[in-house]
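J.: pasted the sequence and its predicted model underneath.
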Amino acid sequence: MLKITKLEAGYEKRKILKGINLEVKPGEIVAIIGPNGAGKSTLLKSIFNLCKIFSGEINFKNKDVTQLPTYESIYEGISYVPQGRQVFTNLSVHDNLEMGAYIMTNHQLLKTNIQDVFEKFPALKLKQHDDAFTLSGGQQQQLAIARALVQNPELLLLDEPSLGLSPKVMKDIFKKIVEISKEGISIILVEQNAKQAVEIADRTIVLEDGKVVLTGGKEILKDKRIKNIYFGGR
């Protein structure tokens, strides 16, 4: 589905990523964890062409998308949910979803897609005519994810979806992420809550100083480097 080779990326003249190699299979959840400043968010932004790529290659479905304009990435089947629950607060829930699917010209398909996300997120259906600023933090995060799903992505990039959420709401969000992946959508999940991310991921990649330092499955939690660096030795 996705293959990244020797990727170096960053901002202006500053390299954040330093030779990243990464592959993602169809329907796979890949968690990206690591300390602050490791390059996790930059990795997602590089796939969506929101930062400067110095060298390397990004292939999506055997097509070179390294320098593909961001809006064309959506046409190719890549959707991105940035951190911070970025929704259009003064628009209704329904209008937010329509904004997410601005590239779609088939209005019947758009209606179908919106109904599909309402089935996934019943709380949004109940509040579809309410302005987004009236939603709770968890509901706003659901809306941000739902808006990306309306685009019919094959690869979903999620940056810190649990940020600022209560433990219960966070658990619900992670449950939804697993459900989405079971529909065949590949997911790259950047998450500070490393333990939760590892538990739902098929594979976990640890970044440190812009480099991959560790890769594994759920057993990665037993690695001493993970316990000491990211869980305080617990």
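T.: Arrived safely.
J.: look up phi and psi at residue 209.
T.: phi 50, psi 40 (degrees, to the nearest 10).
J.: that one: neighbouring residues, count only.
T.: By the criterion of other C-beta atoms under 10 Å, residue 209 has 13 neighbours. (Each C-beta comes from the backbone N, C-alpha and C, glycine too.)
J.: now do the SS call for the closest residue to it other than its chain neighbours.
T.: If the residues on either side of it in the chain are set aside, residue 209 comes closest to residue 38, at 6.5 Å by C-beta to C-beta, 6 or more residues apart in numbering. Recorded secondary structure, residue 38: coil (DSSP: H, G, I helix; E, B strand; the rest coil).
J.: equivalent analysis for residue 80, please.
T.: strand.
J.: and it, how far is that from residue 74?
T.: Distance of residue 80 to residue 74, given as C-beta to C-beta, to the nearest Å: 9 Å.
J.: before we move on, what about residue 4?
T.: 19 Å.
J.: wait, residue 20 sits on residue 212?
T.: Yes. Here residue 20 reaches residue 212: they are 6.2 Å apart, a contact under C-beta atoms under 8 Å.
J.: settle it for me: which of those two has more neighbours?
T.: Between residue 20 and residue 212, residue 20 has the larger neighbour count (other C-beta under 10 Å), namely 24 against 19.
J.: bridged to the more buried one, which residues?
T.: residue 7 (DSSP bridges).
J.: what residues are up against it?
T.: 4, 6-9, 39, 43, 56, 207, 210-212 (C-beta atoms under 8 Å, 6 or more residues apart in numbering).
J.: in PyMOL, how would I select the buried members of these?
T.: To isolate the buried subset of the contacts of residue 20 in PyMOL, counting by 16 or more other C-beta atoms under 10 Å, use the following:
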select buried, resi 4+7+8+9+39+43+56+207+210+212
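J.: identify, from the contacts of residue 20, the entry nearest to residue 86.
T.: Checking those against residue 86 by C-beta to C-beta gives residue 43 as the nearest, at 18.5 Å.
J.: you'd agree the closest one is in a helix?
T.: Yes. Using three-state DSSP, the assignment for residue 43 is a helix.
J.: check what pLDDT it gets.
T.: Looking at residue 43, its pLDDT reads 95.
J.: thought it was touching residue 212?
T.: No. Using C-beta under 8 Å as the test, residue 43 is too far from residue 212 to be in contact (9.8 Å).
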